[in-house]
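Peer 1: mind looking at a prediction? Sequence and model below.
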Amino acid sequence: MGKNTKRNKKTKQQLQQQQSPPQQNGVTASASGTASEDFEDQQAASSLPSLNAKKRSQLNKLIDELLDLVEKQPANPNEEWKQYEQLQQLLKQIMIVEEPLSQAVCPQITDHPDDQSRLAKVEAFSAWAKDGGVHSEGLEIAIFPGYQLGLRANRPLAKEELVLSVPRKLIFSEENNSDCRLFGKMTQATHLNLAYDLLIEKIRGEFSEWRPYIDVLPAKYSTVLYFTTKQMERLRGTAACSLALRQCRVIAKQYAFLYRYAHTLAESSTGNRSHPGERGLFFTQRGLCYKLYRWAVSTVMTRQNLVPSEKQEAQDSPKFISALIPYWDMANHRPGKITSFYAAVSRQLECTAQEAVAAGEQFFIYYGDRSNTDLLVHNGFVDVNNLKDYVNIRVGLSPTDALAAKRASILDKLNIRHTAELRVLPAPDFISKELLAFVRVFKMSAEQLDHWCSDLERAGDLLHIDCALETDHETRTWQFLEDRLKLLLAVFDKEMREADEVKELSQLQLKDGASLGQEIELMLLLYRRLERSILAGALQYAQEHRKV
Ligand SMILES: C[S@@+](CC[C@H](N)C(=O)[O-])C[C@H]1O[C@@H](n2cnc3c(N)ncnc32)[C@H](O)[C@@H]1O
């Protein structure tokens, strides 16, 4: 891999034969890069349209408006929703102005699945991966309806057999050799660095050494960043809504910062390699647009894994960085156990089979314990067989409660925050022990609080379902849970009745060759059904307990 791929050599030779300018814009090639690499950068940038001054000033204004909007912290769900609607309007206008640019840097975005066009690039990608040292002999990439692409066993695979390895040099991370990195002065988290790096490679197009990999990535995702306002409306009243809206806000804000840095704060860049970050800035100034940022962030969100950093001192505690792992990231998820690990000695990601797989069957990996809320917001799918699902509900002590300090001291002992998101679970547990303990503390009378505060060492008993408590206290606890769950379910019904959900779901499930929009709608309906069923199960459980 790296700079010596056959493909890249060929491109460079061809370019040198065609023209040989070791200078661009009066800048000689720097010590850290070759003349042909600098020339390639100029070539890559020259195919991008530039926006005229009028459009640029329109965009600058829209970005300022966007930043003003997202700076405001919404006080309640209604304000949050209004802010989201305004944000969508602004992003729409931004995307219209940026259209010529987004056509050039992320073309082929239609609402139709791009599985076939991706599959057409798989042969070149597989050859590139093999050349780079990927071992995947028992697997091949194929289309699986409902999953887009995935991995198929081309021979029987034994349980625990090592089926896939990807060497470090083919793992895409902020630690790959590139002088595009270190963008600006933004203190970024590792996944942001990765998204940024990917964005640069995408802009470099045919000149990127990662092109065969980028070519097989989806052109569009079903993450919340791609939802229409109407689709997002389906999440209103669910536990995922606020998270999803926050995600849209945060990504828009990151985009606006990146834009502002590139277009209003930084000087125009020639891409000179002797200055850290210059090449990154050079490409950002020429190719950044919201559609591209959304794509890069969604690629990272849905496909990243953590690998240990190799740029740290031996005595440091291990640091992990976000990475994209070509080929491995074609594997879809199924409940089970994690079977992918980074082997530090051989410097490669190794993946074993979590179960025996017959030839022709899909090979799955387990992505880890995640609720469907988390999967929906960050991975763009839900798992109907999720054994680790839960629904978070928000509870908090009231600042006007005269007994709040005493309640807080018991919660502190239990390591439960005074305002917290606590879990409602599927059968057979229904109510997490933290949620039960919180409500028990919340519903204690003054005497009961004095009793429990006098012996805080016993506080842990409150986590147990059969903790001996006075009947009226238990009744108040379960009544609170019942009322709260009823309220949540009533909001569900207000947004969309259960019968309508079932009807729409069955209509969508019948459709073949669904568009991305329909797949998102199906996912949203499934999500609602799964969350509703957890809440309804817990409600029944709470009602039974209250009566005991
Ligand atoms: C790491 S990628 C796997 C490869 C991907 N299917 C592709 O076409 O490139 C993760 C994405 O695959 C899809 N996916 C993975 N597991 C899934 C599942 N159990 N059900 C539905 N979609 C799934 C989701 O779109 C998810 O964001």
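Peer 2: Good, I have the coordinates. Numbers count the residues shown, from 1 in each chain.

Peer 1: what residues does this protein have near the ligand?
Peer 2: 146-150, 218, 302-303, 329-330, 332-333, 379-381, 383 (Cβ under 6 Å from any ligand atom). Bear in mind the C-beta positions are built from the backbone N, C-alpha and C, glycine included.

Peer 1: and if we set it to 5 Å?
Peer 2: For the chain, the residues in contact with the ligand (Cβ under 5 Å from any ligand atom) are 147-149, 302-303, 329-330, 332-333, 379-381.

Peer 1: so can I have CSV of these showing pLDDT, secondary structure and neighbour count?
Peer 2: Formatted as CSV, the residues of the chain next to the ligand follow (pLDDT from 0 to 100; DSSP: H, G, I helix; E, B strand; the rest coil; neighbours: other Cβ atoms under 10 Å):
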residue, pLDDT, secondary structure, neighbour count
147, 94, coil, 16
148, 93, strand, 20
149, 96, strand, 20
302, 98, helix, 19
303, 98, helix, 22
329, 98, helix, 21
330, 98, helix, 27
332, 98, strand, 17
333, 98, strand, 18
379, 97, helix, 20
380, 97, coil, 21
381, 97, coil, 21
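
Peer 1: and these, which is closest to residue 226?
Peer 2: Nearest to residue 226 among the residues of the chain next to the ligand is residue 380, at 8.1 Å by Cβ to Cβ.

Peer 1: I figured the closest one hits residue 225, correct?
Peer 2: No - when contacts are counted by Cβ atoms under 8 Å, residue 380 is not listed as touching residue 225 (9.2 Å).

Peer 1: so what's in contact with these two at the same time?
Peer 2: Common neighbours of residue 380 and residue 225, counting by Cβ atoms under 8 Å, 6 or more residues apart in numbering, are residue 298.

Peer 1: quote the end-to-end distance of stretch 346-354.
Peer 2: With Cα to Cα, to the nearest Å as the measure, stretch 346-354 spans 21 Å from end to end.

Peer 1: just stretch 272-281 next, same as before
Peer 2: End to end - Cα to Cα - stretch 272-281 spans 10 Å.

Peer 1: and that stretch, which residues are buried?
Peer 2: Residues 272-273, 277-281 are the ones in stretch 272-281 that count as buried (16 or more other Cβ atoms under 10 Å).

Peer 1: and stretch 191-208, by the same measure?
Peer 2: Of the residues in stretch 191-208, 191-205, 207-208 count as buried by neighbour count, 16+ other Cβ under 10 Å.

Peer 1: what's the answer for stretch 411-426, then?
Peer 2: Neighbour-count burial for stretch 411-426, counted by 16+ other Cβ under 10 Å, picks out 411, 413-414, 416-418, 420-426.

Peer 1: dump the buried residues of stretch 272-281 to CSV, plus secondary structure.
Peer 2: Listed next are the buried residues of stretch 272-281 as CSV, based on DSSP: H, G, I helix; E, B strand; the rest coil:
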residue, secondary structure
272, coil
273, coil
277, coil
278, helix
279, helix
280, helix
281, helix
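
Peer 1: for residue 305, see how far away the spatially closest residue to residue 174 that is not a sequence neighbour is.
Peer 2: The shortest distance from residue 174 to any non-neighbouring residue, by Cβ to Cβ, 6 or more residues apart in numbering, is to residue 193 (4.1 Å). Separation of residue 193 from residue 305 (Cβ to Cβ, to the nearest Å) stands at 15 Å.

Peer 1: ok, residue 173 next?
Peer 2: 10 Å.

Peer 1: out of these two, which sits in the busier spot?
Peer 2: The residue with more neighbours, out of residue 173 and residue 305, is residue 173; 21 against 18, by other Cβ atoms under 10 Å.

Peer 1: that one - nearest residue in space that isn't next to it in sequence?
Peer 2: Leaving aside its chain neighbours, residue 173 sits nearest to residue 323 (3.9 Å; criterion: Cβ to Cβ, 6+ apart).

Peer 1: can you tell me the SS state at the one you found?
Peer 2: Once three-state DSSP is applied, residue 323 turns out strand.

Peer 1: so it makes contact with residue 309?
Peer 2: No - the criterion here is Cβ under 8 Å, and residue 323 misses it with residue 309 at 9.9 Å.

Peer 1: what about these two, which has more around it?
Peer 2: The residue with more neighbours, out of residue 323 and residue 309, is residue 323; 28 against 16, by other Cβ under 10 Å.

Peer 1: so what's that one up against?
Peer 2: 171-173, 194, 304-307.

Peer 1: ok so, going back, now render the buried residues of stretch 411-426 as JSON lines, adding secondary structure and pLDDT.
Peer 2: As requested, the buried residues of stretch 411-426 are arranged in JSON lines below (DSSP: H, G, I helix; E, B strand; the rest coil; pLDDT from 0 to 100):
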{"residue": "411", "secondary structure": "helix", "pLDDT": "97"}
{"residue": "413", "secondary structure": "helix", "pLDDT": "96"}
{"residue": "414", "secondary structure": "coil", "pLDDT": "97"}
{"residue": "416", "secondary structure": "coil", "pLDDT": "98"}
{"residue": "417", "secondary structure": "coil", "pLDDT": "97"}
{"residue": "418", "secondary structure": "coil", "pLDDT": "97"}
{"residue": "420", "secondary structure": "strand", "pLDDT": "96"}
{"residue": "421", "secondary structure": "strand", "pLDDT": "96"}
{"residue": "422", "secondary structure": "strand", "pLDDT": "98"}
{"residue": "423", "secondary structure": "strand", "pLDDT": "98"}
{"residue": "424", "secondary structure": "strand", "pLDDT": "98"}
{"residue": "425", "secondary structure": "coil", "pLDDT": "98"}
{"residue": "426", "secondary structure": "coil", "pLDDT": "97"}
